[in-house]
Structures are given as structure tokens and as C-alpha cells.
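Asker: Following is a predicted model, sequence given first.
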Amino acid sequence: HVLSEVKEGFGNQINLCRDRGLSLRPPAPKSDTLPLDHQLANAPVVLSQTTEDGKIELDQLYKLVELEVKGHDTAVLKSYEWFAKTAARELGITVGNCWSLRKPNKNRLTLLKSVFIYKKHRVQYEIRTQFHFLQFHNLTGSTADTFLEYIQRNLPEGVAMKVTKVAVQALPKHLVPPEQAVNVEESK
Amino acid sequence: CHGNGSTLLNSVDQLMHTLMFSHILICSCMEPELDLMLRLVLQLSNQMPVDQEWSNVWPGPRTFHPASVPLPIRQGFPNKRQAPPGKFGNAELMKIPNFLHLTPPAIKKHCESLKQFCTEWPKGLTSEEQEKLFPMEVITSDYCHSSPVIRDPMARIVTLKINLNSLILDNHAKDKLLRLVENCYDPDTNVITIMADRCPLKQQNYDYIMYVLTALYHEAWKKETWEQEKSEADMEFYNWANSVSRQNILSYLSLSSNDTTNDTSPHLSEYEQAVSELFNQGEDDYTLFKYKESTKKLFVLHEDQTL
């Protein structure tokens, strides 16, 4: 797996420009055809990429991207939050509310201490999960994909992430009232 | 307190000092201190330049390697009257994930090369315009677990939120839509929420949601023949426009004064409100008082006119 190689290797350069493992929308454009040239004010950004049937694929707009990061260690999550915020600021993403739950979620197991008999003597184990939330506002699809891929590649071991995206879309064109009042006939 | 030019002399000094010290210690020392001295010598021989590129030393995530990190880090529970354990052979430092590959200059470098893949948020798109142009919100979740498996069944869930104001509906269509949608409507925010998780894939659930929205919208605009059979007795709320009370008032007013402009008098609308409230919200002191006042106003005006 590409991910495991990157994590264990020492001396592997993370040069994301050349990394073919990236699965972004669009595929890496050449340096002389930047999609930013096509940006129009007051309109969704048009990608320079055309699909096979000749249609231009429009960039998604995300009102909010919320990251829920779960881990066992608060210090690791705190460092990760700092990293995510710094990366967002570098990429020009608006950082929203970032907070963590004060108490972890404890999953407890009460097991028998002895292999045989001694039912009254037990031993308890618990797994503590800490939660951390990060919110980012007003991202385009390409920015979101890039940012999330970068963040997720640098997710430390033992940390899980849930990404909730709120995309804003235009109403479908077919949702218009019928031209004539539709009176359904019972005989039909 | 040495000058700038004598760094070489400094390091030689330090080395001589250490060797002297270690010579003394080797004679009468215990093992940990011997290790410490050896390590000191090793470390001194592995001196890193201060202006080196740290992202070249630590380009990717890696378990902590004490000899490569020129910092005096200590981690762990300290024994009595001792400092916490040092960084050599420290399992605690090795177990915890480190962020040495993500220092601020490294992040800057990464983001510089990532910027070409990013696009800017459309300038001048204010939140009001956004709500007008893009009224639908589609909420999806993705999961990244600390395991080799990339799948999570919860990732198929798609939720759609849409404000009723953004849909073109007349009174009948709105009423019918709200009846069809039942619990999915939130009267406080005027938002309809539709959630789909019946299909195994996210794209399928999204298509299903769009289908549901279309079906709801077009069904709302349809008028069934049996809908016309709704009578006064079937109404859930009191509707002034079709009521007997309105007819009576209008006929009375038109009889007494010969002009037919009473339809738009402000007192009539107040009376309409009072009567509707009486029926819809029930009889209590406030509604009865309002009814009394509006009736008095209506007839007082009328008397003025006749006079």
C-alpha cells in the first residue's frame, strides 16, 4: 500500500506534485494551464477539464467541512489540530470553530481475573477515545479534495477521522410548476 | 563569551573537556554514566549544522530516532530525585506519534506545491446570494479509519436540506407538500430534510434523494378530483375567505351604505383577524377582547358614515 510505504520510509520525499498516488479532481494539470485563469466572479469556478462527452465539469461548493478526529491521546490530537489549522491558513481556507470534548468516551470491559472459578474477582479494562472537532468554511471542491488528502496523508497512527461536507447546490432545472394546472382524472 | 571566529577552537575545547571528564569517570564510574559519556562523544561527532534544512533531515513520518533529533527531550515517569528519562532507548518517545516532519517551514513548502491544485472561493459571493443561487444543501460523510480498510457503511448516507422559500409553490401546493413530508419539515427554520440510506452507495442515495424531491414537488402541484370534495366541516382551521361570517358582514355593510368599497377597510381586516383567532386559537380573554374591540370599531365607523 502506498500509504504504509510513505509512513515507514525514512528518506522518502513527500513531493506531492509528482506523486501519482493522488486522486484529485482534476488530474494534475500542467503548470502552464492553471485552472485559476477561468475563474469568474459571482459564478461557480469552471474547471479547465472537459469530460469525455465534452461537458465542462463544475467545481462543487462546500459551505462547511467539519472534521471529527478521534484518538486515544489528547496531546496527539492537539498537535494535529494545530497542523490542520496551519495548513488551512497556508492554503487560504477560512478556519471556523475548533473545539474538543473535555472528557473522553470510555468503553469498559469487566472480565474474570482468573482462568478458572473465582467469579467474584474481576479485572476491568477500558478504552478511552478523545474527540476533537474542526470546522472550515467556504471551500471549493478542488480545494477541499486537496486539503483533505494532504491532511489525511499526515493523519497519525491510531487516529481516525470523519469528514462531514455540506455542499451547496443549485435547484435542479426541472423543479418548476407545471404550465397548466394538472388535474388528475379518476378514470385514469 | 568567545568571539565569532573561534567556533573551531570552541568545539575542540569542548571535546578536550569531555575527554578529560570521561577519563576521570571511567576510573570510578557506573555503567549508565559510561553510556552517557559515550553518547555525548557520539553526539558531538554527529553535530548538525544549525542552519540545515530540517525537512531534509525528517521528510516524512517516522518513529522517533534520538540520534537524529538534536533536542534534549525527556519523557516518562521520573524515578526518585531524578529527571525524567532521556531520549536514548526511551520507549515512550518511540511509541507516541511525532510531528517532526510537519514543522512550519515544511508545511509552508507542502502548501506551496499544493496551491496549484486549489481553486479560490468565488469572489463576491455573499451569503444572501449564495442562498438564492444555491438553496439546496447536500450533506455527506466520509470516514478515514486507522486501518487498511477504506470502507465504512455509514458513508452511504446522504441528507438533503432545502428551504421552502426557494421552491415555487402556491398555497395548495405548499399545503400538500407539507402533508406529504410530515416529520421532515421543521417549522422553526422552514427547512425540509430528506435523508437516504437505503442504497449501498452514496451516488445511488443521492440520485434517489433527487428523485424523491422531484416526485414530492410535482405531486404537490397535482390536484386530485377528490380534493375538491373538501367541505367546510373537513377544514382543520378556520378560513375567513370562505366563511359565512364574511358574507354576513359584507352584505350588512353594503346594505347600510351604498358604496361597495368596504371590502378594503382596515377595520374589516382587523375584524377578520379577530374572528380567525377566536376560532383557530380558542376563546380566551385576549381573543375575546380583540373581537369586541374590532367589532366596535367596525360598527362605529359605519355609524359615522351614515351620519
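Answerer: Cool, got the structure. Here the structure is a predicted model, which is why all the values come from computation and not from measurement. Numbering: from 1, shown residues only, chains lettered A, B, ... in the order given.

Asker: Where do the helices of chain B begin and end?
Answerer: Secondary structure of chain B (DSSP state H): helices at B:7-27, B:31-45, B:54-57, B:91-95, B:104-114, B:127-133, B:171-181, B:202-221, B:244-256, B:266-281, B:285-306.

Asker: Tell me which of those helices sits nearest to residue A:57.
Answerer: Nearest of those to residue A:57, taken as Cβ to Cβ: helix B:202-221 at 15.0 Å. All C-beta atoms are positioned from the backbone trio N, CA, C, and that covers glycine.

Asker: helices or strands next to that closest one in the packing?
Answerer: Helices and strands touching helix B:202-221, by 3 or more Cβ pairs under 8 Å, 6 or more residues apart in numbering or on different chains; DSSP states H and E, are strand B:136-144, strand B:158-163, helix B:171-181, strand B:191-196.

Asker: Spell out the residue ranges of the strands in chain A.
Answerer: With strands called from DSSP state E, chain A shows them at A:46-50, A:56-58, A:61-71, A:94-100, A:105-112, A:122-140, A:160-169, A:183-184.

Asker: In TSV: those strands, plus mean pLDDT and distance to chain B.
Answerer: Listed next are those as TSV, based on pLDDT from 0 to 100; distance: least, Cβ to the nearest Cβ, whole Å:
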stretch	mean pLDDT	distance to chain B
strand A:46-50	50	8
strand A:56-58	79	11
strand A:61-71	95	6
strand A:94-100	94	8
strand A:105-112	96	16
strand A:122-140	96	5
strand A:160-169	94	4
strand A:183-184	56	5
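
Asker: Now render these as CSV, adding mean neighbour count.
Answerer: Output for the strands of chain A, formatted as CSV (neighbours: other Cβ atoms under 10 Å in any protein chain shown):
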stretch, mean neighbour count
strand A:46-50, 15
strand A:56-58, 13
strand A:61-71, 20
strand A:94-100, 13
strand A:105-112, 10
strand A:122-140, 17
strand A:160-169, 19
strand A:183-184, 12
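
Asker: Adding distance to residue B:160 as columns, could you present these in JSON lines?
Answerer: What follows is the strands of chain A, written out as JSON lines (distance: least, Cβ to Cβ, whole Å):
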{"stretch": "strand A:46-50", "distance to residue B:160": "24"}
{"stretch": "strand A:56-58", "distance to residue B:160": "19"}
{"stretch": "strand A:61-71", "distance to residue B:160": "14"}
{"stretch": "strand A:94-100", "distance to residue B:160": "22"}
{"stretch": "strand A:105-112", "distance to residue B:160": "30"}
{"stretch": "strand A:122-140", "distance to residue B:160": "20"}
{"stretch": "strand A:160-169", "distance to residue B:160": "9"}
{"stretch": "strand A:183-184", "distance to residue B:160": "26"}
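
Asker: nearest to residue B:89, of the ones you listed?
Answerer: Proximity to residue B:89 (Cβ to Cβ) singles out strand A:61-71 among those, at 25.7 Å.

Asker: Excluding sequence neighbours, find me the nearest residue to residue 108.
Answerer: In the absence of a named chain, this looks at chain A. residue A:126 (4.5 Å; Cβ to Cβ, 6 or more residues apart in numbering or on different chains).

Asker: Oops, wrong one, chain B.
Answerer: Computed as Cβ to Cβ, 6+ apart, the closest residue to residue B:108 that is not its neighbour in sequence is residue A:90, at 6.0 Å.

Asker: burial measure for that neighbour, as a count.
Answerer: 18 (other Cβ atoms under 10 Å in any protein chain shown).

Asker: wait, isn't it in contact with residue B:111?
Answerer: Yes - contact criterion Cβ atoms under 8 Å: residue A:90 and residue B:111 qualify, at 3.6 Å.

Asker: which residues are common contacts for these two?
Answerer: Residues touching both residue A:90 and residue B:111 by Cβ atoms under 8 Å, 6 or more residues apart in numbering or on different chains: none at all.

Asker: if we can go back for a sec, quick one: closest of the strands of chain A to residue B:104.
Answerer: For these, distance to residue B:104 was read as Cβ to Cβ. The smallest value, 15.8 Å, belongs to strand A:94-100.

Asker: Identify all contacting residues around that closest one.
Answerer: The contact list for strand A:94-100, computed with Cβ under 8 Å, 6+ apart, reads A:64, A:74, A:77-78, A:81, A:85, A:88-89, A:130-138.

Asker: from what I can see residue B:139 touches residue B:161, true?
Answerer: Yes - using Cβ under 8 Å, residue B:139 is in contact with residue B:161, at 6.9 Å.

Asker: returning to what we had before: ok, now how distant is the residue nearest to residue A:108 from residue B:283?
Answerer: Per Cβ to Cβ, to the nearest Å, residue A:126 is found 60 Å from residue B:283.

Asker: same thing with residue B:251?
Answerer: Separation of residue B:251 from residue B:283 (Cβ to Cβ) stands at 25 Å.

Asker: next one: residue B:123
Answerer: In terms of Cβ to Cβ, residue B:123 sits 57 Å off from residue B:283.

Asker: Next: residue B:152.
Answerer: Separation of residue B:152 from residue B:283 (Cβ to Cβ): 56 Å.

Asker: Same check on residue B:159?
Answerer: The gap separating residue B:159 from residue B:283 is 42 Å, by Cβ to Cβ.

Asker: likewise residue B:232?
Answerer: Separation of residue B:232 from residue B:283 (Cβ to Cβ): 20 Å.

Asker: And residue B:217, by the same measure?
Answerer: Going from residue B:217 to residue B:283 by Cβ to Cβ gives 39 Å.

Asker: Between the two, which is the more surrounded one?
Answerer: Neighbour tally, residue B:217 and residue B:283, criterion other Cβ under 10 Å: the higher count belongs to residue B:217, 21 against 11.

Asker: shouldn't that one be in contact with residue A:171?
Answerer: No - the criterion here is Cβ under 8 Å, and residue B:217 misses it with residue A:171 at 9.7 Å.
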